[in-house]
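*Asks:* pasting the sequence and the predicted model now:
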Amino acid sequence: MHRDLTNQLAKFIPDTIDQSQLADFFAAINTSYQQADGERQSLEYSMALTQATLDSTTAGIIVTDNKGRVTSLNQVTTALLEQLRVDDLQQILNELAPTIVDYPEVLKRCRQIFRSGIERGELLLTLTYGRIFQIVSLPQCVNGEVVGRVWNITEVTKLRTKERQVYFMAYHDALTKLPNRLRLTKDLKKAIAQAAITSNRLAVIFIDLDGFKFVNDTLGHDSGDVLLVEAAKRISSQLTANDIVSRHGGDEFIILLSNVDSDEDLARRAEAIRLCLLPVVTIDGQEAYVSGSIGIATFPEHGRDYNSLIKNADLAMYQAKRLGRNNYQFFTPAYEVDGTVRMLLTTKLKKAVHNNELEIVYQPVINAKTHKIKALEALFSWRQRDGSFIPLADFLAIAIETELIIPITERIITQGCVQMMQWIELGHDHLSLELNIYPGHFKNLGLLVYVSNAIQASGLPPEKLVLKIKDIATAVQYDTSHDLFNGLYELGVKLVASDFGCSTTSLRYFTQLPISGIDLAPSCVSNILKSDKHRALVQALIAMSKVMELDIAAIGVSNVGQQKLLERYGCSEMQGPLFGSPQSSELISTKLFKQLTENFA
């Protein structure tokens, strides 16, 4: 090609020009052309090498000019974009828009990177079908001048998925999948900071599952796990999208409610949570029951920081337990004092039991027809060394939780049987002795041994002993419960389902267990003059007991109006303040003597 060019140029050069000079001229042109060809080939090779390098990377690369027009891209990008047109970046984003999560924000970020000219720009691109890409944009410079941008596209789906899994594990409970204590701490502190600015009210609801320990101990930890998962689902079902429930540990759950309107609304929601926990849970064919003791603390009234709100909700929850469990309580400042008092009381009670400082007292049970004493319920009172009394209601829950109730009950059984036999020998052979038995007694057959020994030692006829089972639904969950029920029945002892009408006692127990009577719960009795529904409930329960040939006693009768109504419904036995409070055996003996002389008169 260079020879042809030389021949063409020679046609226009005059013959007078020195041919040797002309030869040098053409040689210089030829050399220049050869150099240019070499440089072109080198440039083409360099460009091909650059493209090959881009194509060999695992990341996608798009090069654009300052207006966003695509000037280059590699094979990875071509494969990612498939059949999309790639004239400019805006066009690429527009065509991908239906599959981009939060497309407006992605587009806004890309424009910010272009307009600001920042050295390094980053954004995360998430597609609706799950793939995630990290995009890093750097300026492309030539001789110090920015002529465009290079966009590096790396798929990070697996990495982000793993990060999310690690994050989830760090901030969520492995069993229930609820947020854990660490996550609650962050969320509550953030909510408190926001509420302090907006003057909103927050609420912390502390829930402890009553009866969970019994299920865990008797049916095993796997069954306990099933119960926790079910409880988590039920509690979550009562919440809104803005609420947060976390597993605080063990059988405790904490709920964070934002924008609380009123205490009435809080009470309504707490009641809904309480009710949702009550239905039976069937685990491998076994029925399990739990309830919830619920404490409520609000911001700013009950605390202005994380620790105060959690602590006060916890104190309110323990107050709910002291009041019989399966209820909710709002925090009051008095509970802070109660918490300290409770610790001291627990220590003192242990010493009192060890030193036999508890005294046995007896409360009359009245025959509804004759209005005479037909039975005496053995209870215990606590007289301190200074002579002052601590009310039973103040320490009964502690005795049950610490299982001090076991040795206390043993002593009541032994001494009560002896005392009852003495009364019978004095002519009060119509009397029977009633004792309260709690779920903890059903963990083993120890109760059967104590009762049998007490009957034999005292000579008390077995049919004169009535054991009133508290929380029978929990008691029957122990493996030894049916053996214990049957063993007591074979001894001739009478068994009664206590607190009927307010607990989770199922009617099926009356067909499966040797139960001879029921005690109407005080809450049923106290409302019969106030509510048509309570009157209907009590009347129905009394009617049912007659059909099933069960004795029925109304507990907590406090006025004549209640007494008359219960008599009209056909209740056979009554007990409560109207007929006498718990008293010493000496005072009861005086009453019995008076009743005996009246019979002879």
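*Replies:* Cool, the structure landed. From a predicted model like this one, the values you see are computed outputs, not experimental measurements.
*Asks:* apart from its neighbours in sequence, what residue is nearest the spatially most central residue of the chain?
*Replies:* Centroid-nearest residue in the chain, with CA atoms, centre = their mean: Phe253, separated by 3.0 Å. What sits nearest to Phe253 in space, not counting adjacent residues and going by CB to CB, 6 or more residues apart in numbering, is Ile207, at 4.4 Å. Just so you know, the C-beta spots here come from the backbone N, C-alpha and C atoms, and that holds for glycine as well.
*Asks:* so that neighbour touches Ser246, yeah?
*Replies:* No - in this structure, Ile207 sits apart from Ser246 without contact. The criterion is CB atoms under 8 Å, and the distance is 10.5 Å.
*Asks:* what sits in contact with each of those two?
*Replies:* Between them, Ile207 and Ser246 share the neighbouring residues Phe253, Ile254, Ile255, with contact defined by CB atoms under 8 Å, 6 or more residues apart in numbering.
*Asks:* and those as JSON lines, adding distance to Gln165 and secondary structure?
*Replies:* Formatted as JSON lines, the shared contacts of Ile207 and Ser246 follow (distance: CB to CB, whole Å; DSSP: H, G, I helix; E, B strand; the rest coil):
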{"residue": "Phe253", "distance to Gln165": "24", "secondary structure": "strand"}
{"residue": "Ile254", "distance to Gln165": "24", "secondary structure": "strand"}
{"residue": "Ile255", "distance to Gln165": "26", "secondary structure": "strand"}
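*Asks:* quickly run through the sheet partners of the helix or strand encompassing Ile518, with directions.
*Replies:* Under the criterion of DSSP states H and E, Ile518 resides in strand 517-520. Using DSSP bridges, strand 517-520 pairs in its sheet with strand 494-500 (parallel), strand 551-555 (parallel).
*Asks:* and the following helix or strand past it, C-alpha only, in CSV?
*Replies:* As assigned by DSSP H and E, the chain's next helix or strand after strand 517-520 is helix 522-526. What follows is the C-alpha trace of helix 522-526 in CSV, where atoms were taken according to Å, rounded to 0.1, in the frame of the first residue of the first chain:
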residue,chain,number,x,y,z
PRO,A,522,-65.0,-17.5,95.7
SER,A,523,-65.0,-15.3,92.6
CYS,A,524,-68.2,-17.1,91.5
VAL,A,525,-69.9,-16.6,94.8
SER,A,526,-68.9,-13.0,95.3
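*Asks:* quick one: mean pLDDT over the helix or strand following helix 522-526.
*Replies:* Downstream of helix 522-526, the first helix or strand assigned by DSSP H and E is helix 532-547. Computed over helix 532-547, the mean pLDDT rounds to 88.
*Asks:* please compute how far helix 532-547 lies from its chain's middle.
*Replies:* Here the centre of mass of C-alpha atoms in helix 532-547, compared against the chain's by CA atoms, centre = their mean, to the nearest Å, lies 36 Å away.
*Asks:* what's the angle from that helix to strand 494-500?
*Replies:* Computed with axes from the mean of the first three to the mean of the last three CA atoms, to 10 degrees, the direction of helix 532-547 lies at 170 degrees from that of strand 494-500.
*Asks:* in helix 532-547, what counts as buried?
*Replies:* His534, Arg535, Leu537, Val538, Gln539, Leu541, Ile542, Ser545 (16 or more other CB atoms under 10 Å).
*Asks:* those residues into JSON lines, with extra columns for distance to Gly576?
*Replies:* Putting the buried residues of helix 532-547 into JSON lines (distance: CB to CB, whole Å) gives the following:
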{"residue": "His534", "distance to Gly576": "16"}
{"residue": "Arg535", "distance to Gly576": "17"}
{"residue": "Leu537", "distance to Gly576": "18"}
{"residue": "Val538", "distance to Gly576": "14"}
{"residue": "Gln539", "distance to Gly576": "18"}
{"residue": "Leu541", "distance to Gly576": "17"}
{"residue": "Ile542", "distance to Gly576": "16"}
{"residue": "Ser545", "distance to Gly576": "18"}
